[in-house]
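**Q** Give me coordinates for this.
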Amino acid sequence: MNRMKKSLCLALALVCAACWCFAETTDGAAQDSQTGGSWSQINQSIARGEDWVRYVKEPADFQLGEAKALEGYPDLRVMDWGAYPSMDGSTVCVPLAMELARQWLDLPEEDLNGFVSFSTTPYAYDRLTQGKANPTVTIASRGVMMDDRHPIDIVLGTGPNADERKAAEDAGVELVMVPVCYDAFVFLAGSKNPVDTLTPEQIRSIYTGVTRLWSEVGGEENQVIEAYQRPHGSGSQTAMEELVMDGYQLPAAAANFVSDGMGDLIAQVGNFDGANNALGYSYLYYVDALYKSGSLKVLSIDGVAPTPENLRSGAYPYTVYYYAVYRKGNETAERFVDWLTSEEGQACVAQAGYVTLK
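**A** Residues are numbered from 1 along each chain as shown. Modelled structure (predicted):
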């Protein structure tokens, strides 16, 4: 109970901080004031569009429970999750979780930033495997915190890496992974770099240190390739290690070429000393919708661009899924994911801007 009281006090402080409010930047983007977690790696507004459509026809199916005052703390209330699944996940799936809350819970826009409080991929999988809660989820307009004793039901995001899969196995937890949409794992360079496409072999040669100059892959003379990576355990690093390297060992980068957050990598590649030396990687949805910084471009792979058509057909070689992942036997999660992959659920996925399965 003491732990819950401390968490509720924290939640009340967050609510008083204008529900993780956005402050407008000079270019019109919204910069979140929260430090840490997914919101620190998003600098674009994720607002409900003017042509937004409510697709959910039976909103009673997944609703939150009751809010109750905490004994001894009349100003603090905690709400039960009811039939709605508690979520955590990858930064790139924050807009999807926001859309699902709009559809089912009809939450006002000012509540969504506090309700979708994602901790990023590695922490989300740790919580799912260990049966932990997402402890800082709030609904500001109702003055409540969601029950921090309820283990998360669903991780929305990239799939677990080998370490996370082994951790689940060691804990005796069977993870169910259901694809909910497509995206592209993409490579990024400065917008003035003459290179527009790389082959998988060239990428592996660069990241193993064999190819060191842009001129070796069609770029400018005397330009050293500064290849950025992400930390092990992040969703994009998992794709790099398991999808792109394809059995080749990925050498560790120097500390100053490891970007802690997805937004950090975008900023470093796009603003690299005003030059075009840098190379990095991310997810197309993130680059297009969630973080803008500097001047960069998305490279084609073997001349194939990451268009929706090329993702669905498999023509783009680094096509990935985003998953809804839950512990086998979780009936709430199973029912919700069944809906998410239905025609109605996929319409909501499309409205959030993702490439649907069909």
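
**Q** what's the closest non-adjacent residue to N161?
**A** Nearest non-adjacent residue to N161, counting by C-beta to C-beta, 6 or more residues apart in numbering: T238, 4.0 Å away. To be clear about C-beta, it is placed using only N, CA and C from the backbone, and glycine gets the same treatment.

**Q** could you pull out the helices for the stretch 251-358 of the chain?
**A** 262-270, 284-285, 308-313, 331-340, 343-351 (DSSP state H, counting those that start in this stretch).

**Q** out of the ones you listed, nearest to D61?
**A** Closest to D61 of these is helix 331-340 (C-beta to C-beta; 7.5 Å).

**Q** For that closest one, buried residues please.
**A** Under the neighbour-count criterion of 16 or more other C-beta atoms under 10 Å, helix 331-340 has T332, A333, E334, F336, V337, W339, L340 buried.

**Q** contacting residues around it?
**A** Residues outside helix 331-340 that contact it (C-beta atoms under 8 Å, 6 or more residues apart in numbering) are 61-62, 83-85, 100, 153-154, 176, 178, 180, 324, 326-327, 345-346, 348-349.

**Q** Next, the angle helix 331-340 makes with the strand or helix carrying L96.
**A** Following DSSP states H and E, one finds L96 within helix 94-105. Counting by axes from the mean of the first three to the mean of the last three C-alpha atoms, to 10 degrees, helix 94-105 lies at 100 degrees to helix 331-340.

**Q** How far off centre is the next helix or strand after helix 94-105?
**A** The helix or strand immediately downstream of helix 94-105 is helix 109-115, counting by DSSP H and E. Distance, stretch centre to chain centre, for helix 109-115: 16 Å (C-alpha atoms, centre = their mean, to the nearest Å).

**Q** Check which helices and strands helix 109-115 sits against.
**A** helix 94-105, strand 138-139 (3 or more C-beta pairs under 8 Å, 6 or more residues apart in numbering; DSSP states H and E).

**Q** what does the next helix or strand after it rub up against?
**A** Downstream of helix 109-115, the next assigned helix or strand under DSSP H and E is helix 121-130. With C-beta under 8 Å, 6+ apart as the test, helix 121-130 has contacts from 88-91, 118-119, 132-134, 151-152, 155, 157-158, 160, 164, 167-168, 171, 173, 175, 233-235, 238, 325-327.

**Q** Skipping its backbone neighbours, what lies nearest K57 in space?
**A** Taking C-beta to C-beta, 6+ apart, and ignoring the residues beside it in sequence, K57 has E344 as its nearest neighbour in space, at 6.9 Å.

**Q** Now do that neighbour, the pLDDT please.
**A** As predicted, E344 sits at a pLDDT of 97.

**Q** That one against V56, yeah?
**A** Yes - using C-beta atoms under 8 Å, E344 is in contact with V56, at 6.8 Å.

**Q** re earlier: out of the helices of the stretch 251-358 of the chain, which gets nearest to L96?
**A** helix 343-351 (6.6 Å).

**Q** Tell me how far the residue of the chain positioned farthest from its centre lies from V144.
**A** Largest separation from the mean C-alpha position in the chain: G72, at 37.7 Å (C-alpha atoms, centre = their mean). From G72 across to V144, the span is 17 Å (C-beta to C-beta, to the nearest Å).

**Q** now swap in Y125 and tell me
**A** 27 Å.

**Q** Check G261 too.
**A** Distance from G261 to V144, by C-beta to C-beta: 29 Å.

**Q** what's the closest residue to D106 other than its chain neighbours sitting at in phi/psi?
**A** Nearest residue to D106, sequence neighbours excluded (C-beta to C-beta, 6+ apart): P59, at 7.3 Å. Backbone torsions of P59, given as degrees, to the nearest 10, read phi -60, psi -10.

**Q** distance of P59 from E110?
**A** Distance, P59 to E110, by C-beta to C-beta: 20 Å.

**Q** on that earlier part again, quick one: the helix or strand encompassing the residue nearest to N161 to chain centroid distance?
**A** Element membership of T238, judged by DSSP H and E, is helix 235-239. Here helix 235-239 is found 11 Å from its chain centre; the criterion is C-alpha atoms, centre = their mean.
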